[in-house]
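Q: need the 3D shape of this:
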Amino acid sequence: MRSAVEVEDGELAAWYGRAERPWLRANFVSSVDGAVAVGGLSTGLSGAQDRRLLKLLRMLCDGLLVGANTLRAEQYRPLTLDADRRGWRQARGLVPYPRLVVVSGSLDLDPGLPALAGAPVRPIVLTGPDAPAARREALAEVADVLTAPDLRTGLALLHERGLDQLLCEGGPTLLGSLTAADLVDELCLTVSPLLAGTGASRITAGSPHPPRTLAQVHAHTDPEGFLYLRHTRPEHR
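A: Numbers count the residues shown, from 1 in each chain. Next comes the predicted model:
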């Protein structure tokens with residue numbers, strides 16, 4: 001099992017790559033005992049190589065999918081990339097920046113949030129038909145607000161806009177909804193060498209659904225003791 005530190009960015013990006021069809025990749029971090037957060041935030045579980053991988057996976061995607069609660073709690077900043085990663089994308093015919101996609105049923109989002117107001121590319125907010133009209137209008141000043149009756153239809157709307165390679169960063173309720181709808185093609189999980197104890201939730205939450213079988217693609221480590229796992233649906237490999 002190789003250490004992530006031994007691998008250059010280009011090779012590491014090639015390990016993960018971009019799929020040849022529309023694809024939903026989820027990226028999460030958890031403690032050894034299954035906690036999704038420490039003190040309510042996932043940053044307490046992360047390390048230097050995990051943050052490096054997060055940036056690389058963002059570089060590979062067309063759209064970054066995140067739930068409104070996670071956007072607020074984790075205080076997301078504008079979705080930007082450094083010059084090298086923008087160059088990598090442009091050399092492959094991609095636009096310089098991926099697009100932020102916020103999923104929110106209630107649209108309880110402040111249009112002035114940095115991730116929205118300061119985005120280098122106009123974000124998308126994906127919501128349902130019952131979202132309040134006044135909030136739609138307020139958010140339309142800074143984002144494209146798309147309406148869909150369910151997540152499957154919502155992802156189809158994103159694909160129509162050229163966002164074929166989607167990366168989900170959470171939170172647990174959004175991941176639970178996506179897995180319940182059988183929409184997740186791949187899960188990248190960083191296991192942090194930490195016993196977080198009781199209180200924190202798992203990486204998935206929501207309504208029960210049938211188990212989804214996964215196949216391991218690869219695993220690697222780093223000197224700090226983090227384990228990086230990548231799994232896909234067997235029929236989607």
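
Q: for residue 116, give me its contacts.
A: When contacts are counted by Cβ atoms under 8 Å, 6 or more residues apart in numbering, residue 116 touches 100, 102, 109, 110, 123, 139, 142, 143. The way it works is simple: take the backbone N, C-alpha and C, and place the C-beta from them, glycine included.

Q: which of those sit farthest apart?
A: Pairwise distances across the contacts of residue 116 peak at 14.6 Å for 100 and 110 (criterion: Cβ to Cβ).

Q: looking only at neighbour counts, state which of these two leads.
A: Of the pair residue 100 and residue 110, residue 100 is the one with more neighbours under other Cβ atoms under 10 Å, namely 24 against 12.

Q: which SS class is the more buried one?
A: Under DSSP: H, G, I helix; E, B strand; the rest coil, residue 100 falls in the strand class.

Q: excluding sequence neighbours, find me the nearest residue to it.
A: Excluding the flanking residues, the one nearest residue 100 by Cβ to Cβ, 6 or more residues apart in numbering is residue 123, at 4.2 Å.

Q: same thing with residue 48?
A: Excluding the flanking residues, the one nearest residue 48 by Cβ to Cβ, 6+ apart is residue 224, at 7.3 Å.

Q: so who does the residue nearest to residue 100 touch?
A: Going by Cβ under 8 Å, 6+ apart, residue 123 touches 79, 99, 100, 101, 102, 115, 116, 142, 143, 144.

Q: mind listing the strands for this protein?
A: For the chain, the strands defined by DSSP state E cover 23-31, 63-67, 99-103, 124-127, 144-147, 165-170, 186-192, 215-221, 227-232.

Q: and which of the contacts of residue 123 is nearest residue 156?
A: Looking across the contacts of residue 123 and measuring by Cβ to Cβ, the closest to residue 156 is residue 101, at 13.0 Å.

Q: which residues does the closest one form a beta bridge with?
A: According to DSSP bridges, the residues that bridge with residue 101 are residue 65, residue 124.

Q: if I look at it, how far off is residue 221?
A: Using Cβ to Cβ, to the nearest Å, one obtains 31 Å as the distance from residue 101 to residue 221.

Q: show me where pLDDT drops low in this protein?
A: 1-2, 4, 236-237 (pLDDT under 70).

Q: what's the longest helix seen in it packed up against?
A: Longest helix of the chain, by residue count under DSSP state H: helix 48-60. Where contact means 3 or more Cβ pairs under 8 Å, 6 or more residues apart in numbering; DSSP states H and E, helix 48-60 is packed against helix 9-16, strand 23-31, helix 83-91, strand 165-170, strand 186-192, strand 227-232.

Q: which among the ones you listed is found nearest to residue 152?
A: Among the helices and strands packed on helix 48-60, the nearest to residue 152 by Cβ to Cβ is strand 23-31 (10.7 Å).

Q: and the closest residue to residue 189 other than its chain neighbours, what are its bridge partners?
A: Excluding the flanking residues, the one nearest residue 189 by Cβ to Cβ, 6+ apart is residue 229, at 4.7 Å. Beta-bridge pairing for residue 229 (DSSP bridges): residue 189, residue 219.

Q: contacting residues for residue 229?
A: Counting by Cβ under 8 Å, 6+ apart, residue 229 touches 187, 188, 189, 190, 191, 216, 219.

Q: of those residues, just say which sits nearest to residue 83.
A: residue 188 (24.7 Å).

Q: hmm, the closest one is touching residue 220, no?
A: No: using Cβ atoms under 8 Å, residue 188 is not in contact with residue 220, being 11.2 Å away.

Q: quick check: neighbours shared by these two?
A: Common contact partners of residue 188 and residue 220 (Cβ under 8 Å, 6+ apart): residue 228.
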